[in-house]
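Trainee: Need the 3D shape of this:
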Amino acid sequence: MKASPKSCDIFCRIIDNYGDIGICWRLARQLAHEHGLAVRLWIDHLATAKHLIPQIQIEKLKQTVEGIAIHHWREHFEPLELVNLELPDIIIEAFACELPDCYLQAMTQSQPIWLNLEYLSAESWVDGFHSLSSKHPTLGLSKTFFFPGFTNQTGGLIREKRLIEKRIAFQQSNDAQQAFWQSLNVLIPAAALNDALKVSLFCYPQAHVIDLLQSFINAAQPVICLVPGNTLIPLIRQHFAADISGQMNLGKLSLGNLSLQPLPFLSQDQYDHLLWACDLNFVRGEDSWIRAIWAAKPMIWQAYQQAEQAHLVKLNAFLDLYTQELPDESKQLVKRFSQAWSSNHLNAGDWQQMIDHMPEITAHSKKFSSQLAKQTDLAARLVSFCKNQTYPV
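Mentor: Numbers count the residues shown, from 1 in each chain. As a prediction, this is how the structure comes out:
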């Protein structure tokens with residue numbers, strides 16, 4: 001067994017949206033705060049990262065935030081940047097972002113543990129590919145592919161210590177939930193918050209948002225829809241312009257049984273609380289997908305759209321896992337609704353059926369989350385792997 005690693009570099013290239021930096025920032029904080037590693041986080045687009053890490057000063061090449069050294073990963077990474085820079089014990093290349101050539105050359109001297117953190121998937125092949133290694137064609141360095149996943153044969157899921165306990169305490173406290181809504185200026189009467197179905201909506205723009213909102217409007221049960229960020233609001237405002245008479249300019253929109261309220265861009269902790277406080281969460285990509293699992297509430301996940309409908313394979317693999325222990329009628333409903341949402345259309349009448357089956361789906365989601373929370377989390381597995389490089393952990 002190797003000595004415990006003491007330092008780690010994480011390289012993050014922000015392709016689009018916030019999923020990559022969201023995962024990397026959570027992992028960096030957990031490695032630093034829970035495992036005592038000295039962490040450097042290399043980020044290419046500081047302006048984008050600032051949405052999730054507001055303390056970042058985008059003009060600085062180097063800075064420290066929450067005990068983590070943040071370095072600007074510039075397009076032309078110069079060997080000069082490595083002067084007086086000791087390479088760490090662990091180097092994490094997030095999502096195959098490709099390390100700078102001069103950094104790779106420096107690695108040949110110290111031979112650190114080199115991991116490629118892959119994207120999360122529930123597909124069955126992940127178990128067999130997790131922790132496989134590949135040699136660099138010319139430098140002799142060995143890179144290990146570290147796959148997050150849902151079984152003990154994978155790298156696990158990101159989950160901070162005491163996250164589940166914090167979530168349970170919040171969900172059991174009406175005062176904590178009311179204080180949270182007030183902190184976001186959610187101006188909805190307490191009675192409505194108790195009687196209505198609270199839904200968070202975070203999705204890619206190609207989803208049929210208008211069809212979903214129309215289903216909320218016509219539903220038998222009142223729906224409070226909370227939309228974090230502002231990417232969907234122009235679309236919603238444009239479509240309902242004739243009906244809302246300036247309501248959106250004042251904040252919320254009320255039509256039929258729908259009350260919609262835009263929210264600002266939320267911090268990671270605020271977003272966790274939103275997922276915990278809602279009855280159903282529409283999520284997307286990877287980071288919000290994982291957080292919705294830990295919220296232990298029903299969820300509809302929209303996979304990142306890929307060519308030739310490859311994202312639907314990934315979606316169906318997760319749905320098979322997520323619905324495995326649901327009764328057949330609820331199982332088929334969740335699958336049908338989720339597949340329609342990620343295929344950019346919705347089936348008439350499915351929303352009302354979702355409402356009817358919500359108690360059963362809610363109980364199942366809580367059980368699903370609890371079962372996964374018994375597994376070792378990703379950061380702990382990663383550190384343990386770097387000590388002995390054997391599995392399962």
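Trainee: does residue 286 really touch residue 15, like I thought?
Mentor: No. Checked against C-beta atoms under 8 Å, the pair residue 286 and residue 15 is beyond contact range at 11.7 Å. To be clear about C-beta, it is placed using only N, CA and C from the backbone, and glycine gets the same treatment.
Trainee: Compare these two (neighbour count), which wins?
Mentor: Neighbour count, other C-beta atoms under 10 Å: between residue 286 and residue 15, residue 286 has more, with 22 against 13.
Trainee: which stretches of the stretch 101-250 of the chain form strands?
Mentor: Applying DSSP state E, counting those that start in this stretch to the stretch 101-250 of the chain gives strands spanning 113-117, 133-135, 142-146, 197-201, 223-228.
Trainee: so what strands line up beside the shortest one?
Mentor: Note on strand 133-135: by DSSP bridges, its sheet partners are strand 142-146 (antiparallel).
Trainee: which ones are touching residue 364?
Mentor: 323, 325-326, 330 (C-beta atoms under 8 Å, 6 or more residues apart in numbering).
Trainee: host element of it?
Mentor: Assigned by DSSP states H and E, residue 364 falls within helix 358-373.
Trainee: quick one: that helix to strand 197-201, angle?
Mentor: Helix 358-373 and strand 197-201 are oriented at 50 degrees to each other (axes from the mean of the first three to the mean of the last three C-alpha atoms, to 10 degrees).
Trainee: Helix 358-373: which residues count as buried?
Mentor: By neighbour count on 16 or more other C-beta atoms under 10 Å, the buried set for helix 358-373 is 358, 360-361, 364-365, 368-369, 372-373.
Trainee: Just put these in TSV and tack on pLDDT and distance to residue 220.
Mentor: What follows is these, written out as TSV (pLDDT from 0 to 100; distance: C-beta to C-beta, whole Å):
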residue	pLDDT	distance to residue 220
358	96	12
360	97	17
361	98	17
364	98	22
365	98	22
368	98	27
369	98	28
372	98	33
373	98	34
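Trainee: Not counting sequence-adjacent ones, nearest residue to the residue nearest the centre of the chain?
Mentor: Nearest to the geometric centre of the chain sits residue 287, at 1.0 Å (C-alpha atoms, centre = their mean). Leaving out its chain neighbours, the residue that sits closest to residue 287 by C-beta to C-beta, 6 or more residues apart in numbering is residue 22, at 3.6 Å.
Trainee: any idea of the pLDDT on that neighbour?
Mentor: On pLDDT, residue 22 comes in at 93.
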